[in-house]
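Undergrad: I'd like to go over a predicted model; first the sequence, then the structure.
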Amino acid sequence: MDKKPIPILVIDDEENILNFISKALRKEGYEPHAFTDVRLATAKLPAIRPQVVISDIVMPHINGFEVLEAVKRNNVDTNLILITAHASLESAISAVRGGALDYLVKPFELDELLVAVRRALGQKRLSTAFPSIEKKTQSMYQMHNLIGTSSKMQEIYKLLEKIAKSDSTVLVVGESGTGKEMVARAIHYNSHRKDKPFVSINCASLPDPLLESELFGHERGSFTGAFTTKLGLLELAKEGTFLLDEVGDMSLAMQSKLLRALQEREIKRVGGIENIPIDVRIISATSKDLRAEIEKKNFREDLFYRINVIPVFLPPLRERKEDIPPLIQHIASLLKEKSGIGKEIEFTPDGLGYLMEYHWPGNIRELENILERLYMLADKKGLSKEDIIKILSSELKSEKSMTQGGTMLIELKNETEHFERKMIEKALEDAGGNKLQAAKLLHCSRQTLQYKVRKYNLD
Ligand SMILES: Nc1ncnc2c1ncn2[C@@H]1O[C@H](COP(=O)(O)OP(=O)(O)OP(=O)(O)O)[C@@H](O)[C@H]1O
Ligand SMILES: [Mg+2]
């Protein structure tokens, strides 16, 4: 395959570490640009336009946080992974708060690094998280940028228009990749809060103490390493919108704390005594069936009623197949713009039919991924079914029984779980039981794998 390697900037003042990381990245097919001099590295940011930056936190003259600042200043569409030799919660919090996606503690395993890089590549880029770019973002999330001509989506747009005018609490429910975050942003940017912050936190990605401190902030000295007082994100989102992403993955302990904050509309920082009022619109998102989670005692019923004032259900793509052609067109034009290579991608009727037949378990995100691969690798314009299979080197497996009916969902879920379990077993076996390695093989985070291992009793 002649896919263009992904540029990654690596900064560390220790040459041997730098070489070690670069070698590993090159072996994985990335294109590392290594620098021992931070100033030189940041000067090269606009030219290299790395998709990921890996930087040591403590270096002579300048530190990793300044690299972060430089990335923001240059509006480079990238994600940052910071490396630290001192595993303090404090630097982890500052790293996450500053916008770094991940941090690695020295000495780290190579696998850990590669998993972090994969995750960084899979995440939305840093740039969308910063106010200077928020302005551009506003126009991106106009309602008309939500693509979908199906009647199901048309109804959703009408609902979203109403929601945007209100200040109500919203729960967005939908399978992975159906556009939950996009909907949350569209609500924000079409509401009277649009010039205030849009802040989101992924409740599944942070351990409890970090999540608590992120949400509510902490007072100086409230725990080892809390050198300064930090404001929580709920406080920082003042007068804006707050997205609690993957809310169904929050621990019961955190759910109680969140419930209290939402009921009282005020928070206390960790270790603090002052009550601080919060003024945010809360949008929660989940791909889980929260009612089922309540049954299983994994989710608090009272919190559910608190966050589920206006529910928005995003249907999976396979239930609105007429949206596939306009989405393809939309994504193809974005790809053309993003790649800057002016290439077009088009399908023959049988190629399009093939894409429409597929059941898209990963929904629009999966459609984007497949189209990007086709876009980058195709060397002709009208792609047929045969061309698609050849380029992807595999078939898009359609669910034979994807018709309609209530039992279908359960069947699909069982099938998916069965398949997922098999994949995990295989990956664990191939990795000789090493979870980090297995997560790498599965292109997922270690936390996700750990969760699934528990779910399927594979320990
Ligand atoms: N209606 C839409 N029109 C155009 N693009 C869309 C639409 N819905 C989603 N997308 C795109 O699909 C991708 C996935 O959307 P998003 O991240 O909002 O989904 P999600 O439900 O939050 O997914 P996950 O569960 O994986 O977090 C994004 O790149 C988004 O821009
Ligand atoms: Mg999401």
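TA: Cool, got the structure. Ligands and ions are numbered 1, 2, ... in the order given.
Undergrad: for the closest residue to Ser191 other than its chain neighbours, give its distance to Ile283.
TA: Nearest in space to Ser191, with sequence neighbours left out and distances taken as Cβ to Cβ, 6 or more residues apart in numbering, is Ala164 at 4.6 Å. (Each C-beta comes from the backbone N, C-alpha and C, glycine too.) Separation of Ala164 from Ile283 (Cβ to Cβ, to the nearest Å): 11 Å.
Undergrad: with Ile307 instead?
TA: Distance, Ile307 to Ile283, by Cβ to Cβ: 9 Å.
Undergrad: higher neighbour count, the two?
TA: Higher neighbour count among Ile307 and Ile283: Ile283, with 29 against 21, using other Cβ atoms under 10 Å.
Undergrad: so what's the backbone phi/psi at the more buried one?
TA: phi -120, psi 130 (degrees, to the nearest 10).
Undergrad: hang on, the earlier thing: tell me the contacts of the residue nearest to Ser191?
TA: Shown in contact with Ala164 (Cβ atoms under 8 Å, 6 or more residues apart in numbering): 143, 186-187, 190-191.
Undergrad: what about the helix or strand hosting it and ligand 1, touching?
TA: For Ala164, the host element (DSSP states H and E) is helix 151-165. No - if you take Cβ under 6 Å from any ligand atom as the test, helix 151-165 misses ligand 1, and the best it gets is 6.7 Å.
Undergrad: dump that helix to PDB, keeping only the CA atoms.
TA: Taking Å, rounded to 0.1, in the frame of the first residue of the first chain, the C-alpha atoms of helix 151-165 are listed here in PDB:
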ATOM      1  CA  SER A 151     -37.700  11.600   7.400                       C
ATOM      2  CA  LYS A 152     -36.200  10.400  10.600                       C
ATOM      3  CA  MET A 153     -33.400  12.900  10.500                       C
ATOM      4  CA  GLN A 154     -35.700  15.700   9.300                       C
ATOM      5  CA  GLU A 155     -37.700  15.200  12.500                       C
ATOM      6  CA  ILE A 156     -34.600  15.300  14.600                       C
ATOM      7  CA  TYR A 157     -33.600  18.600  13.000                       C
ATOM      8  CA  LYS A 158     -37.000  20.000  13.900                       C
ATOM      9  CA  LEU A 159     -36.600  18.800  17.400                       C
ATOM     10  CA  LEU A 160     -33.000  20.200  17.600                       C
ATOM     11  CA  GLU A 161     -34.300  23.700  16.500                       C
ATOM     12  CA  LYS A 162     -36.700  23.700  19.400                       C
ATOM     13  CA  ILE A 163     -34.100  22.500  21.800                       C
ATOM     14  CA  ALA A 164     -31.700  25.100  20.700                       C
ATOM     15  CA  LYS A 165     -34.100  27.800  21.600                       C
END
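Undergrad: which parts of that helix are buried?
TA: Judged by neighbour count (16 or more other Cβ atoms under 10 Å), helix 151-165 contains these buried residues: 153, 156, 159-160, 163-164.
Undergrad: can you name the element that comes right after the strand or helix carrying Ala43?
TA: Element membership for Ala43 (DSSP H and E) is helix 38-48. Using DSSP H and E, the helix or strand that follows helix 38-48 in sequence is strand 52-56.
Undergrad: how far does that following strand sit from its chain's centre?
TA: With Cα atoms, centre = their mean, to the nearest Å as the basis, strand 52-56 stands 18 Å off its chain's centre.
Undergrad: so what touches that strand?
TA: Outside strand 52-56, the residues touching it (Cβ under 8 Å, 6+ apart) are 6, 8-14, 17, 21, 38, 41, 45, 64, 67, 71, 78-84, 113, 117, 120-121.
Undergrad: residue in the chain with the shortest distance to ligand 2?
TA: Proximity of the chain to ligand 2 (Cβ to the ion) peaks at Glu181, 4.1 Å away.
Undergrad: read off the pLDDT value for Ala34.
TA: Predicted confidence (pLDDT) for Ala34: 94.
Undergrad: what does Gly405 give?
TA: Looking at Gly405, its pLDDT is 40.
Undergrad: phi and psi next, for the closest residue to Arg365 other than its chain neighbours.
TA: For Arg365, ignoring the flanking residues on the chain, the nearest one in space by Cβ to Cβ, 6+ apart is Gly177 at 3.2 Å. Main-chain torsions, Gly177, degrees, to the nearest 10: phi 80, psi 10.
Undergrad: count of neighbours near Gly177?
TA: Neighbours of Gly177 using other Cβ under 10 Å come to 20.
Undergrad: in what helix or strand does Phe108 lie?
TA: Going by DSSP H and E, Phe108 is not in any helix or strand.
Undergrad: for Ile388, give me the pLDDT.
TA: 94.
Undergrad: residues near it, how many?
TA: Residue neighbour count, defined by other Cβ under 10 Å, stands at 23 for Ile388.
Undergrad: gap between it and Glu344?
TA: Counting by Cβ to Cβ, the separation of Ile388 from Glu344 is 16 Å.
Undergrad: how close does Ile163 sit to Pro311?
TA: Applying Cβ to Cβ to Ile163 and Pro311 gives a distance of 11 Å.
Undergrad: list residues touching both of the two?
TA: Residues touching both Ile163 and Pro311 (Cβ under 8 Å, 6+ apart): Val170.
Undergrad: who touches Lys288 in this structure?
TA: Contacts of Lys288 were listed using Cβ under 8 Å, 6+ apart, and they are 248-249, 299.
Undergrad: out of these, list just those in helices.
TA: The helices, defined by DSSP state H, take in nothing from the contacts of Lys288.
Undergrad: now do the phi/psi pair for Ala285.
TA: Ala285 adopts backbone torsions of phi -130, psi 140, taken as degrees, to the nearest 10.
Undergrad: now the element after the helix or strand containing Ile370, going C-ward?
TA: Ile370 belongs to helix 363-377 when assigned by DSSP H and E. Under the assignment DSSP H and E, the closest C-terminal helix or strand after helix 363-377 is strand 382-383.
Undergrad: remind me what that next one packs against, helices and strands.
TA: For strand 382-383, the helices and strands in contact under the criterion 3 or more Cβ pairs under 8 Å, 6 or more residues apart in numbering; DSSP states H and E are strand 346-347.
Undergrad: the strand it packs on: partners in the sheet, and parallel or antiparallel?
TA: Looking at strand 346-347 with DSSP bridges, its partner strands are strand 382-383 (parallel).
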